[in-house]
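Asker: What follows is a predicted protein model with its sequence.
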Amino acid sequence: MNSKKCFVITGASSGLGKALKDFLISETHHFVVSLSRKAEPEDFSTERILFSYCDLATLDNTEFIKDICETYQEEDIIYINNAATILPLCEVGGFREVELAAYFKINIEAPVRLINELVALKKKGLTILNISSGAAKRAISNWSLYCSAKAAVNMFCDVLAIEHPEVIVRNIDPGVINTRMQSQIRESNIPDLQIFVNLSVNEHLKDPIEAAREILIDFV
Ligand SMILES: NC(=O)c1ccc[n+]([C@@H]2O[C@H](COP(=O)([O-])OP(=O)(O)OC[C@H]3O[C@@H](n4cnc5c(N)ncnc54)[C@H](OP(=O)(O)O)[C@@H]3O)[C@@H](O)[C@H]2O)c1
């Protein structure tokens, strides 16, 4: 049996993050640290999961990363930068300033701070899996915030990879998955709306647990 690892997942309460967590708990023997702004349901009781409150919108310090590194100092840590938001979707010129600050805090500033802290503290046995998107490399009308945030964190991780060859770093495009993010896209009025409606109607969206399995298969 492979030695135990610790998977630290942001946004593990719903969507792909929840599927990653559920897969790891049910199909592997590894530890999971669920970083989420929602408490775990009470029926989710296993000693292999540790819940740590983390709202990326209001992240005031990264102290809990130190606690995680101390608790799991014997294990390899696989950090999955999963939490992200896609709203607001609108043309440039239509955003409110307050939305812009909040958006980049959740989607760039907080993940960059957390990864920076991990790299500083975990000198051996660190993997960073950045859940990216095709949108990091393709301009989509009304998606300027999402595209630019995904591109920024991709590049941050690319630079990390050349600076720290001892850290395993991957930017992973998980494909189009049946989660709340896709519902939010279908409820918007973006020019490409019909493409996303068709993906759902024709059942071409990936099941989150299958997407999780594909992402994790090389790391468990
Ligand atoms: N769905 C797709 O088709 C698709 C395609 C390509 C890439 N992705 C990427 O896959 C990842 C997961 O997305 P998803 O589809 O699972 O979307 P989702 O269902 O909307 O889930 C997003 C996750 O991010 C968390 N989150 C949002 N704001 C947060 C905050 N302020 N602090 C902490 N957590 C926060 C959410 O937590 P709450 O439950 O508390 O809101 C939720 O767990 C994202 O990085 C997304 O960009 C998705």
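Answerer: Thanks, I have the structure now. This one's a predicted model, so the numbers in the text were calculated from it and none came from an experiment. Numbering: from 1, shown residues only.

Asker: What are the contacting residues of the helix-or-strand element of the chain with minimal mean pLDDT?
Answerer: Lowest mean confidence among the helices and strands of the chain (mean pLDDT, DSSP states H and E): strand 49-53, at a mean of 92. Under the criterion CB atoms under 8 Å, 6 or more residues apart in numbering, residues 21, 25, 31-37, 39-40, 64, 67-68, 71 lie in contact with strand 49-53. For the C-beta atoms, the positions are set from N, CA and C on the backbone; glycine is no exception.

Asker: Whichever of those residues end up buried, select them in PyMOL.
Answerer: This is the PyMOL syntax for the buried subset of these, where burial follows 16 or more other CB atoms under 10 Å:
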select buried, resi 21+25+31+32+33+34+35+36+40+64+68
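
Asker: among the contacts of strand 49-53, which are in strands?
Answerer: In strands, defined here by DSSP state E, the members of the contacts of strand 49-53 are 31-36.

Asker: Need the phi and psi values for Cys90.
Answerer: Here the main-chain torsion angles of Cys90 (degrees, to the nearest 10) amount to phi -170, psi 170.

Asker: Assess the claim that it and Trp143 are in contact.
Answerer: No. Cys90 lies out of contact with Trp143 (CB atoms under 8 Å); the separation is 9.6 Å.

Asker: Of the two, which one has the most company?
Answerer: Neighbour count, other CB atoms under 10 Å: between Cys90 and Trp143, Trp143 has more, with 21 against 18.

Asker: residues in contact with that one?
Answerer: With CB under 8 Å, 6+ apart, Trp143 has these contacts: 86, 89, 135, 190.

Asker: Just the pLDDT for the last one.
Answerer: For Ile190, the model assigns a pLDDT of 97.

Asker: now do the one 5 residues further on
Answerer: Reported pLDDT at Ile195 in the predicted model: 97.

Asker: before we move on, what about Ala39?
Answerer: The confidence metric pLDDT takes the value 72 at Ala39.

Asker: and the gap between it and Cys54?
Answerer: Using CB to CB, to the nearest Å, Ala39 is found at 12 Å from Cys54.
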